[in-house]
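S.K.: fold the following.
(one chain, ligands or ions: 1)
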Amino acid sequence: MATDSWALAVDEQEAAAESLSNLHLKEEKIKPDANGAVVKTNTNAEKTDEEEKEDRAAQSLLNKLIRSNLVDNTNQVEVLQRDPNSPLYSVKSFEELRLKPQLLQGVYAMGFNRPSKIQENALPLMLAEPPQNLIAQSQSGTGKTAAFVLAMLSQVEPANKYPQERGQKISEQIVIGTPGTVLDWCSKLKFIDPKKIKVFVLDEADVMIATQGHQDQSIRIQRMLPRNCQMLLFSATFEDSVWKFAQKVVPDPNIIKLKREEETLDTIKQYYVLCSSRDEKFQALCNLYGAITIAQAMIFCHTRKTASWLAAELSKEGHQVALLSGEMMVEQRAAVIERFREGKEKVLVTTNVCARGIDVEQVSVVINFDLPVDKDGNPDNETYLHRIGRTGRFGKRGLAVNMVDSKHSMNILNRIQEHFNKKIERLDTDDLDEIEKIAN
Ligand SMILES: Nc1ncnc2c1ncn2[C@@H]1O[C@H](COP(=O)(O)OP(=O)(O)OP(=O)(O)O)[C@@H](O)[C@H]1O
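M.R.: I've put the predicted structure just below:
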(Lines give C-alpha, C1' and ligand atoms only; values in the text may rest on other atoms or scores of the structure.)
Protein backbone atom coordinates (compact mmCIF):
# COMPACT_ATOMS: atom_id res chain seq x y z
CA MET A 1 0.00 0.00 0.00
CA ALA A 2 1.31 3.45 -0.80
CA THR A 3 2.28 5.75 2.02
CA ASP A 4 1.41 8.65 -0.15
CA SER A 5 -2.15 9.82 -0.03
CA TRP A 6 -1.96 11.18 -3.58
CA ALA A 7 -1.50 7.65 -4.80
CA LEU A 8 -4.30 5.97 -2.93
CA ALA A 9 -6.53 3.61 -4.84
CA VAL A 10 -10.27 4.36 -4.82
CA ASP A 11 -11.13 1.34 -2.67
CA GLU A 12 -8.61 2.52 -0.10
CA GLN A 13 -10.16 5.94 -0.18
CA GLU A 14 -13.60 4.48 0.33
CA ALA A 15 -12.30 2.47 3.22
CA ALA A 16 -10.99 5.77 4.52
CA ALA A 17 -14.39 7.36 4.19
CA GLU A 18 -15.83 4.55 6.22
CA SER A 19 -13.16 5.08 8.83
CA LEU A 20 -14.03 8.72 9.03
CA SER A 21 -17.65 8.03 9.68
CA ASN A 22 -16.63 5.48 12.32
CA LEU A 23 -14.35 8.08 13.75
CA HIS A 24 -17.25 10.44 14.05
CA LEU A 25 -19.22 7.75 15.86
CA LYS A 26 -16.26 6.95 18.06
CA GLU A 27 -15.98 10.55 19.19
CA GLU A 28 -19.59 10.49 20.16
CA LYS A 29 -19.29 7.14 21.82
CA ILE A 30 -16.55 8.00 24.21
CA LYS A 31 -17.78 10.17 26.95
CA PRO A 32 -16.38 10.64 30.44
CA ASP A 33 -18.75 9.92 33.31
CA ALA A 34 -19.01 12.08 36.43
CA ASN A 35 -15.93 10.40 37.96
CA GLY A 36 -13.85 11.05 34.90
CA ALA A 37 -14.00 7.42 33.76
CA VAL A 38 -14.42 6.80 30.07
CA VAL A 39 -17.73 5.23 29.25
CA LYS A 40 -18.81 3.88 25.90
CA THR A 41 -22.42 4.28 24.94
CA ASN A 42 -24.33 2.71 22.12
CA THR A 43 -24.44 5.58 19.67
CA ASN A 44 -26.64 3.93 17.08
CA ALA A 45 -29.39 3.46 19.63
CA GLU A 46 -29.16 7.16 20.55
CA LYS A 47 -29.20 8.50 17.01
CA THR A 48 -32.25 10.43 15.90
CA ASP A 49 -33.62 10.18 12.35
CA GLU A 50 -32.33 13.67 11.73
CA GLU A 51 -28.79 12.68 12.78
CA GLU A 52 -29.00 9.55 10.67
CA LYS A 53 -29.94 11.67 7.65
CA GLU A 54 -27.14 14.15 8.33
CA ASP A 55 -24.65 11.34 8.61
CA ARG A 56 -25.74 9.83 5.31
CA ALA A 57 -25.50 13.20 3.58
CA ALA A 58 -22.05 13.80 5.05
CA GLN A 59 -20.93 10.36 4.00
CA SER A 60 -22.12 10.87 0.44
CA LEU A 61 -20.38 14.24 0.20
CA LEU A 62 -17.22 12.76 1.56
CA ASN A 63 -17.28 9.94 -0.96
CA LYS A 64 -17.63 12.49 -3.72
CA LEU A 65 -14.69 14.47 -2.42
CA ILE A 66 -12.63 11.36 -2.19
CA ARG A 67 -13.45 10.26 -5.72
CA SER A 68 -12.27 13.62 -6.96
CA ASN A 69 -9.07 13.05 -5.01
CA LEU A 70 -9.63 15.88 -2.56
CA VAL A 71 -9.01 13.74 0.44
CA ASP A 72 -9.89 15.52 3.63
CA ASN A 73 -7.06 15.68 6.10
CA THR A 74 -8.80 13.93 8.96
CA ASN A 75 -9.57 11.25 6.51
CA GLN A 76 -5.99 11.24 5.34
CA VAL A 77 -4.76 10.75 8.89
CA GLU A 78 -7.13 7.81 9.26
CA VAL A 79 -5.82 6.29 6.04
CA LEU A 80 -2.21 6.77 7.08
CA GLN A 81 -2.92 5.29 10.48
CA ARG A 82 -3.94 2.08 8.73
CA ASP A 83 -0.95 1.98 6.40
CA PRO A 84 1.86 -0.14 7.91
CA ASN A 85 4.44 1.93 6.00
CA SER A 86 3.32 5.21 7.53
CA PRO A 87 4.82 6.68 10.70
CA LEU A 88 1.26 7.27 11.84
CA TYR A 89 0.39 3.55 11.62
CA SER A 90 -0.81 1.74 14.71
CA VAL A 91 -2.56 -1.52 15.43
CA LYS A 92 -3.57 -0.45 18.89
CA SER A 93 -6.03 2.01 20.27
CA PHE A 94 -5.22 4.46 23.07
CA GLU A 95 -7.34 2.32 25.40
CA GLU A 96 -5.00 -0.62 24.80
CA LEU A 97 -2.05 1.54 25.82
CA ARG A 98 -3.45 1.56 29.35
CA LEU A 99 -3.43 5.27 29.95
CA LYS A 100 -5.12 6.52 33.08
CA PRO A 101 -8.80 7.37 32.47
CA GLN A 102 -8.20 11.11 32.87
CA LEU A 103 -5.37 11.02 30.34
CA LEU A 104 -7.45 8.99 27.93
CA GLN A 105 -10.15 11.57 28.31
CA GLY A 106 -7.60 14.34 27.57
CA VAL A 107 -6.28 12.50 24.53
CA TYR A 108 -9.76 12.23 23.03
CA ALA A 109 -10.54 15.83 23.97
CA MET A 110 -7.49 16.79 21.87
CA GLY A 111 -9.12 15.00 18.95
CA PHE A 112 -6.55 12.18 18.88
CA ASN A 113 -8.27 9.01 17.73
CA ARG A 114 -5.43 6.55 17.41
CA PRO A 115 -1.80 6.60 18.48
CA SER A 116 0.96 7.05 15.90
CA LYS A 117 3.67 4.43 15.41
CA ILE A 118 6.05 6.13 17.86
CA GLN A 119 3.28 6.50 20.44
CA GLU A 120 2.23 2.90 20.06
CA ASN A 121 5.78 1.61 20.41
CA ALA A 122 7.12 4.03 22.99
CA LEU A 123 4.19 4.33 25.39
CA PRO A 124 4.12 0.67 26.55
CA LEU A 125 7.86 0.89 27.32
CA MET A 126 7.54 4.23 29.06
CA LEU A 127 4.52 3.14 31.08
CA ALA A 128 5.93 -0.30 32.01
CA GLU A 129 6.51 -1.25 35.65
CA PRO A 130 9.31 -0.55 36.41
CA PRO A 131 9.43 2.25 33.80
CA GLN A 132 11.98 1.61 31.05
CA ASN A 133 14.64 3.95 29.70
CA LEU A 134 14.27 4.85 26.07
CA ILE A 135 16.16 6.40 23.16
CA ALA A 136 13.65 7.10 20.42
CA GLN A 137 13.58 8.60 16.96
CA SER A 138 10.58 9.48 14.87
CA GLN A 139 9.93 11.87 12.00
CA SER A 140 8.96 15.47 12.69
CA GLY A 141 5.35 16.02 13.61
CA THR A 142 4.56 12.38 14.31
CA GLY A 143 3.70 12.73 17.98
CA LYS A 144 6.95 12.39 19.94
CA THR A 145 6.16 15.31 22.22
CA ALA A 146 2.67 14.03 22.85
CA ALA A 147 4.16 10.60 23.65
CA PHE A 148 6.60 11.71 26.31
CA VAL A 149 4.18 14.24 27.78
CA LEU A 150 1.71 11.40 28.29
CA ALA A 151 4.47 9.35 29.93
CA MET A 152 5.34 12.25 32.26
CA LEU A 153 1.73 12.92 33.15
CA SER A 154 1.23 9.22 33.89
CA GLN A 155 3.92 9.41 36.55
CA VAL A 156 2.74 12.60 38.20
CA GLU A 157 1.13 12.28 41.60
CA PRO A 158 -0.99 15.42 41.85
CA ALA A 159 -0.84 15.40 45.65
CA ASN A 160 2.96 15.84 45.62
CA LYS A 161 3.52 19.52 45.14
CA TYR A 162 7.17 19.60 44.22
CA PRO A 163 9.81 20.22 42.81
CA GLN A 164 10.57 22.46 45.86
CA GLU A 165 12.52 25.65 46.12
CA ARG A 166 14.57 26.78 49.12
CA GLY A 167 12.73 30.01 49.84
CA GLN A 168 9.90 30.20 47.43
CA LYS A 169 8.07 27.03 46.59
CA ILE A 170 7.57 25.62 43.10
CA SER A 171 4.45 23.53 43.31
CA GLU A 172 4.36 22.51 39.65
CA GLN A 173 5.16 18.87 39.04
CA ILE A 174 6.63 19.27 35.58
CA VAL A 175 9.48 21.63 34.75
CA ILE A 176 10.50 22.42 31.18
CA GLY A 177 13.70 24.25 30.45
CA THR A 178 16.95 24.50 28.58
CA PRO A 179 19.83 22.49 30.09
CA GLY A 180 21.54 25.60 31.49
CA THR A 181 18.49 26.88 33.37
CA VAL A 182 17.47 23.47 34.68
CA LEU A 183 21.01 22.86 35.87
CA ASP A 184 20.97 26.20 37.74
CA TRP A 185 17.62 25.35 39.30
CA CYS A 186 18.90 21.96 40.44
CA SER A 187 22.32 23.05 41.68
CA LYS A 188 23.08 26.74 42.26
CA LEU A 189 19.58 27.96 43.06
CA LYS A 190 18.21 24.73 44.52
CA PHE A 191 14.70 25.42 43.20
CA ILE A 192 14.41 21.74 42.33
CA ASP A 193 15.44 18.78 44.41
CA PRO A 194 16.88 16.51 41.71
CA LYS A 195 16.63 13.48 43.99
CA LYS A 196 12.85 13.63 43.74
CA ILE A 197 12.69 13.61 39.96
CA LYS A 198 11.00 10.52 38.53
CA VAL A 199 11.25 11.18 34.79
CA PHE A 200 13.98 13.04 32.91
CA VAL A 201 13.32 13.79 29.23
CA LEU A 202 15.84 15.13 26.77
CA ASP A 203 13.96 16.32 23.73
CA GLU A 204 15.65 17.40 20.50
CA ALA A 205 18.86 15.70 21.49
CA ASP A 206 20.49 16.91 18.30
CA VAL A 207 20.31 20.49 19.58
CA MET A 208 22.04 19.41 22.77
CA ILE A 209 24.91 18.32 20.58
CA ALA A 210 24.90 21.35 18.32
CA THR A 211 24.65 23.97 21.06
CA GLN A 212 27.77 24.82 22.95
CA GLY A 213 27.66 23.57 26.51
CA HIS A 214 24.25 21.85 26.38
CA GLN A 215 25.75 18.41 26.21
CA ASP A 216 27.82 18.84 29.38
CA GLN A 217 24.98 20.56 31.20
CA SER A 218 22.62 17.69 30.35
CA ILE A 219 25.10 15.13 31.61
CA ARG A 220 25.61 17.11 34.83
CA ILE A 221 21.85 17.18 35.44
CA GLN A 222 21.57 13.48 34.68
CA ARG A 223 24.27 12.69 37.30
CA MET A 224 22.25 14.41 40.04
CA LEU A 225 19.17 12.29 39.43
CA PRO A 226 18.34 9.16 41.43
CA ARG A 227 19.30 5.77 39.96
CA ASN A 228 15.70 4.75 39.41
CA CYS A 229 14.80 7.95 37.54
CA GLN A 230 13.42 7.14 34.12
CA MET A 231 15.56 8.60 31.30
CA LEU A 232 13.97 9.34 27.93
CA LEU A 233 15.70 10.84 24.93
CA PHE A 234 13.89 11.87 21.76
CA SER A 235 15.16 13.22 18.48
CA ALA A 236 14.08 13.43 14.86
CA THR A 237 17.65 13.00 13.65
CA PHE A 238 20.43 10.76 14.90
CA GLU A 239 23.85 11.65 13.58
CA ASP A 240 26.69 9.60 15.07
CA SER A 241 27.44 12.33 17.60
CA VAL A 242 23.82 12.36 18.81
CA TRP A 243 23.88 8.62 19.05
CA LYS A 244 27.04 8.64 21.18
CA PHE A 245 25.59 11.31 23.43
CA ALA A 246 22.32 9.39 23.77
CA GLN A 247 24.08 6.27 24.93
CA LYS A 248 26.17 8.26 27.38
CA VAL A 249 23.17 9.89 28.99
CA VAL A 250 20.61 7.04 28.93
CA PRO A 251 21.68 3.83 30.71
CA ASP A 252 20.26 0.45 29.58
CA PRO A 253 18.07 1.98 26.92
CA ASN A 254 15.35 0.48 24.77
CA ILE A 255 15.94 1.83 21.30
CA ILE A 256 13.54 2.93 18.57
CA LYS A 257 15.45 4.12 15.52
CA LEU A 258 14.62 4.99 11.91
CA LYS A 259 16.56 4.14 8.78
CA ARG A 260 18.03 7.21 7.09
CA GLU A 261 15.62 7.00 4.13
CA GLU A 262 12.69 6.92 6.55
CA GLU A 263 13.63 10.25 8.12
CA THR A 264 11.91 12.42 5.52
CA LEU A 265 8.15 12.22 5.29
CA ASP A 266 6.56 11.24 1.99
CA THR A 267 3.68 13.57 2.78
CA ILE A 268 6.04 16.52 2.32
CA LYS A 269 6.80 17.14 -1.37
CA GLN A 270 10.21 18.69 -1.91
CA TYR A 271 11.21 20.92 -4.83
CA TYR A 272 13.93 23.34 -5.79
CA VAL A 273 13.83 26.46 -7.94
CA LEU A 274 16.84 27.69 -9.95
CA CYS A 275 17.46 31.43 -9.67
CA SER A 276 20.44 33.68 -10.21
CA SER A 277 20.02 36.39 -7.59
CA ARG A 278 18.15 37.41 -4.46
CA ASP A 279 15.67 39.40 -6.52
CA GLU A 280 14.96 36.39 -8.71
CA LYS A 281 14.33 34.30 -5.62
CA PHE A 282 11.86 36.92 -4.47
CA GLN A 283 10.17 36.88 -7.88
CA ALA A 284 9.93 33.07 -7.75
CA LEU A 285 8.30 33.36 -4.35
CA CYS A 286 5.77 35.86 -5.69
CA ASN A 287 5.02 33.53 -8.60
CA LEU A 288 4.34 30.71 -6.16
CA TYR A 289 1.96 32.92 -4.22
CA GLY A 290 0.31 33.94 -7.46
CA ALA A 291 -0.32 30.37 -8.52
CA ILE A 292 -1.37 28.45 -5.45
CA THR A 293 -3.38 29.03 -2.33
CA ILE A 294 -1.04 28.99 0.62
CA ALA A 295 -2.75 28.74 3.98
CA GLN A 296 0.30 29.69 5.98
CA ALA A 297 3.96 29.64 5.09
CA MET A 298 7.27 29.73 6.89
CA ILE A 299 10.24 31.20 5.06
CA PHE A 300 13.76 30.56 6.27
CA CYS A 301 16.67 32.91 5.59
CA HIS A 302 20.31 32.58 6.51
CA THR A 303 20.78 36.03 8.03
CA ARG A 304 18.64 38.49 9.98
CA LYS A 305 19.41 41.08 7.32
CA THR A 306 17.91 38.99 4.52
CA ALA A 307 14.96 38.07 6.74
CA SER A 308 14.14 41.75 7.46
CA TRP A 309 14.56 42.68 3.80
CA LEU A 310 12.31 39.85 2.67
CA ALA A 311 9.65 40.59 5.29
CA ALA A 312 9.56 44.22 4.15
CA GLU A 313 9.33 43.25 0.44
CA LEU A 314 6.53 40.79 1.11
CA SER A 315 4.63 43.39 3.14
CA LYS A 316 4.91 45.80 0.19
CA GLU A 317 3.27 43.09 -1.92
CA GLY A 318 0.34 43.08 0.49
CA HIS A 319 1.13 39.96 2.52
CA GLN A 320 0.51 39.80 6.25
CA VAL A 321 4.04 39.06 7.40
CA ALA A 322 5.59 38.37 10.78
CA LEU A 323 9.32 38.46 11.37
CA LEU A 324 11.00 36.29 13.94
CA SER A 325 14.69 36.54 14.61
CA GLY A 326 17.35 35.69 17.10
CA GLU A 327 17.81 39.10 18.72
CA MET A 328 14.21 39.17 19.99
CA MET A 329 13.46 38.62 23.67
CA VAL A 330 11.85 35.30 24.59
CA GLU A 331 8.51 37.03 25.29
CA GLN A 332 8.60 38.82 21.95
CA ARG A 333 9.29 35.58 20.13
CA ALA A 334 6.44 33.85 21.95
CA ALA A 335 4.07 36.67 21.03
CA VAL A 336 5.04 36.52 17.33
CA ILE A 337 4.59 32.74 17.26
CA GLU A 338 1.23 33.02 19.01
CA ARG A 339 -0.07 35.55 16.48
CA PHE A 340 1.10 33.30 13.67
CA ARG A 341 -0.56 30.29 15.28
CA GLU A 342 -3.80 32.25 15.52
CA GLY A 343 -3.52 33.02 11.81
CA LYS A 344 -3.20 36.78 12.34
CA GLU A 345 -0.18 36.66 10.06
CA LYS A 346 -0.01 34.26 7.15
CA VAL A 347 3.71 34.35 6.50
CA LEU A 348 6.46 33.91 9.04
CA VAL A 349 9.91 34.97 7.88
CA THR A 350 12.64 33.72 10.11
CA THR A 351 16.21 32.59 10.56
CA ASN A 352 17.21 29.28 12.09
CA VAL A 353 15.90 30.21 15.54
CA CYS A 354 12.54 28.96 14.50
CA ALA A 355 13.44 25.74 12.74
CA ARG A 356 12.38 23.55 15.59
CA GLY A 357 9.44 22.91 17.76
CA ILE A 358 6.86 25.18 16.13
CA ASP A 359 3.68 23.19 15.62
CA VAL A 360 1.25 25.13 13.45
CA GLU A 361 -1.09 22.82 11.60
CA GLN A 362 -1.95 25.34 8.88
CA VAL A 363 1.61 25.69 7.60
CA SER A 364 1.24 24.21 4.14
CA VAL A 365 4.44 25.54 2.60
CA VAL A 366 8.01 25.90 3.83
CA ILE A 367 10.43 27.95 1.74
CA ASN A 368 14.15 27.72 2.18
CA PHE A 369 14.94 31.16 0.78
CA ASP A 370 18.51 30.26 1.72
CA LEU A 371 19.54 26.63 2.15
CA PRO A 372 20.65 25.68 5.65
CA VAL A 373 24.43 25.50 6.03
CA ASP A 374 26.61 25.10 9.10
CA LYS A 375 29.31 27.54 10.12
CA ASP A 376 31.79 25.92 7.72
CA GLY A 377 29.39 26.30 4.80
CA ASN A 378 28.52 22.59 4.64
CA PRO A 379 24.90 21.40 4.32
CA ASP A 380 23.10 21.33 7.66
CA ASN A 381 20.99 18.23 7.15
CA GLU A 382 19.36 18.23 10.59
CA THR A 383 18.25 21.82 10.24
CA TYR A 384 16.91 21.02 6.77
CA LEU A 385 14.80 18.21 8.20
CA HIS A 386 13.53 20.34 11.07
CA ARG A 387 12.70 23.23 8.75
CA ILE A 388 10.69 21.20 6.27
CA GLY A 389 9.07 19.39 9.20
CA ARG A 390 7.22 22.61 10.10
CA THR A 391 4.79 21.56 7.41
CA GLY A 392 3.20 18.14 6.97
CA ARG A 393 2.30 17.93 10.66
CA PHE A 394 0.71 14.64 11.67
CA GLY A 395 -0.19 13.40 8.22
CA LYS A 396 -1.01 16.75 6.63
CA ARG A 397 0.33 17.34 3.15
CA GLY A 398 3.14 19.82 2.87
CA LEU A 399 5.24 21.50 0.25
CA ALA A 400 8.91 22.42 0.73
CA VAL A 401 10.54 24.70 -1.84
CA ASN A 402 14.27 25.33 -1.89
CA MET A 403 15.69 28.41 -3.60
CA VAL A 404 18.99 27.69 -5.32
CA ASP A 405 20.93 30.75 -6.53
CA SER A 406 24.47 29.59 -7.25
CA LYS A 407 26.62 26.59 -8.14
CA HIS A 408 27.53 26.43 -4.49
CA SER A 409 23.92 26.23 -3.30
CA MET A 410 23.16 23.63 -6.01
CA ASN A 411 25.99 21.59 -4.57
CA ILE A 412 24.52 21.97 -1.07
CA LEU A 413 21.14 20.82 -2.36
CA ASN A 414 22.68 17.79 -4.07
CA ARG A 415 24.41 16.80 -0.86
CA ILE A 416 21.15 17.12 1.08
CA GLN A 417 19.46 14.87 -1.50
CA GLU A 418 22.24 12.32 -1.18
CA HIS A 419 22.13 12.42 2.59
CA PHE A 420 18.43 11.60 2.81
CA ASN A 421 18.49 9.48 -0.35
CA LYS A 422 15.52 11.46 -1.56
CA LYS A 423 15.06 13.16 -4.90
CA ILE A 424 14.22 16.87 -4.77
CA GLU A 425 12.50 17.75 -8.06
CA ARG A 426 13.10 20.94 -10.03
CA LEU A 427 10.20 23.35 -10.24
CA ASP A 428 9.87 26.06 -12.86
CA THR A 429 8.13 28.92 -11.10
CA ASP A 430 7.61 30.75 -14.40
CA ASP A 431 5.31 27.94 -15.45
CA LEU A 432 2.02 28.52 -13.63
CA ASP A 433 0.53 25.23 -14.83
CA GLU A 434 3.44 23.34 -13.36
CA ILE A 435 3.08 25.10 -10.00
CA GLU A 436 -0.63 24.42 -9.94
CA LYS A 437 0.03 20.75 -10.65
CA ILE A 438 2.31 20.29 -7.66
CA ALA A 439 -0.24 21.82 -5.36
CA ASN A 440 -2.91 19.31 -6.30
N1 LIG B 1 -2.29 10.40 18.09
C2 LIG B 1 -2.48 11.58 17.58
N3 LIG B 1 -3.59 11.85 16.83
C4 LIG B 1 -3.79 13.05 16.26
N5 LIG B 1 -2.96 14.12 16.40
C6 LIG B 1 -1.84 13.93 17.13
C7 LIG B 1 -1.55 12.67 17.77
N8 LIG B 1 -0.37 12.81 18.43
C9 LIG B 1 0.05 14.08 18.23
N10 LIG B 1 -0.83 14.75 17.47
C11 LIG B 1 -0.74 16.17 16.99
O12 LIG B 1 0.19 16.17 15.93
C13 LIG B 1 1.01 17.33 15.98
C14 LIG B 1 2.49 16.92 16.08
O15 LIG B 1 2.71 16.22 17.32
P16 LIG B 1 4.03 16.43 18.19
O17 LIG B 1 4.34 17.88 18.36
O18 LIG B 1 3.91 15.57 19.41
O19 LIG B 1 5.12 15.80 17.17
P20 LIG B 1 6.70 15.74 17.32
O21 LIG B 1 7.11 14.42 16.71
O22 LIG B 1 7.12 16.01 18.70
O23 LIG B 1 7.15 16.93 16.35
P24 LIG B 1 8.62 17.64 16.21
O25 LIG B 1 9.57 16.59 15.70
O26 LIG B 1 8.43 18.71 15.20
O27 LIG B 1 8.97 18.16 17.57
C28 LIG B 1 0.56 18.13 17.20
O29 LIG B 1 -0.32 19.13 16.76
C30 LIG B 1 -0.17 17.11 18.05
O31 LIG B 1 -1.19 17.71 18.82
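
S.K.: C-alpha from now on. contacts and neighbour counts both.
M.R.: OK.

S.K.: just confirm residue 201 is within a strand.
M.R.: Yes. Counting by DSSP: H, G, I helix; E, B strand; the rest coil, residue 201 is found in a strand.

S.K.: ok, it touching residue 232?
M.R.: Yes. Under the criterion of CA atoms under 8 Å, residue 201 makes contact with residue 232 at 4.7 Å.

S.K.: now the common contact residues for those two.
M.R.: residue 148 (CA atoms under 8 Å, 6 or more residues apart in numbering).

S.K.: in space, what's closest to residue 345 - neighbours in sequence excluded?
M.R.: In this structure, residue 345 finds its nearest non-sequential neighbour in residue 320, 5.0 Å apart by CA to CA, 6 or more residues apart in numbering.

S.K.: in contact with that neighbour, which residues?
M.R.: Residue 320 touches 314, 344, 345, 346, 347, counting by CA under 8 Å, 6+ apart.

S.K.: nearest spatial neighbour of the residue nearest the centre of the chain, skipping sequence neighbours?
M.R.: Residue closest to the average C-alpha location in the chain (CA atoms, centre = their mean): residue 141, at 2.2 Å. Excluding the flanking residues, the one nearest residue 141 by CA to CA, 6+ apart is residue 393, at 4.7 Å.

S.K.: which residues does that neighbour contact?
M.R.: Neighbour list for residue 393: 140, 141, 142, 359, 360, 361 [criterion: CA under 8 Å, 6+ apart].

S.K.: and the gap between it and the ligand?
M.R.: Going from residue 393 to the ligand by CA to the nearest ligand atom, to the nearest Å gives 6 Å.

S.K.: for the residue nearest to the centre of the chain, give me the pLDDT.
M.R.: At residue 141, the model reports a pLDDT of 89.

S.K.: check which helix or strand covers it.
M.R.: For residue 141, there is no host helix or strand (DSSP states H and E).

S.K.: ok, it to the ligand distance?
M.R.: Residue 141 is 3 Å from the ligand, by CA to the nearest ligand atom.

S.K.: quick one, what contacts that residue?
M.R.: If you count contacts by CA under 8 Å, 6+ apart, residue 141 has them with 359, 389, 390, 392, 393, 394.

S.K.: residues from this protein in reach of the ligand?
M.R.: Contact residues (CA under 6 Å from any ligand atom) of the chain with the ligand: 112-116, 140-146, 236, 357, 359, 393-394.

S.K.: PyMOL command to pick out the buried ones of the residues you listed?
M.R.: Buried residues among the residues of the chain next to the ligand (16 or more other CA atoms under 10 Å), as a PyMOL selection:
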select buried, resi 113+114+115+116+140+141+142+143+144+145+146+236+357+359+393+394
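
S.K.: which among the contacts of residue 393 gets closest to residue 107?
M.R.: When those are compared for distance to residue 107 (CA to CA), residue 142 wins out at 14.9 Å.

S.K.: got a list of what the spatially closest residue to the closest one that is not a sequence neighbour touches?
M.R.: Once flanking residues are discounted, residue 142 sits nearest to residue 394: 5.2 Å by CA to CA, 6+ apart. Residue 394 is in contact with 77, 88, 141, 142, 143, counting by CA under 8 Å, 6+ apart.

S.K.: so what's the second one closest to, chain neighbours aside?
M.R.: Closest residue to residue 88 apart from its sequence neighbours, by CA to CA, 6+ apart: residue 116 at 4.1 Å.

S.K.: test my guess that the one you found contacts residue 90.
M.R.: Yes. At 5.7 Å, residue 116 counts as touching residue 90 under the criterion of CA under 8 Å.

S.K.: related to what we said a few turns ago, of the contacts of residue 320, which is the most crowded?
M.R.: residue 347 (25 neighbours; other CA atoms under 10 Å).

S.K.: show me the contacts for that one.
M.R.: Per CA under 8 Å, 6+ apart, neighbours of residue 347: 296, 297, 298, 299, 319, 320, 321, 322, 340.
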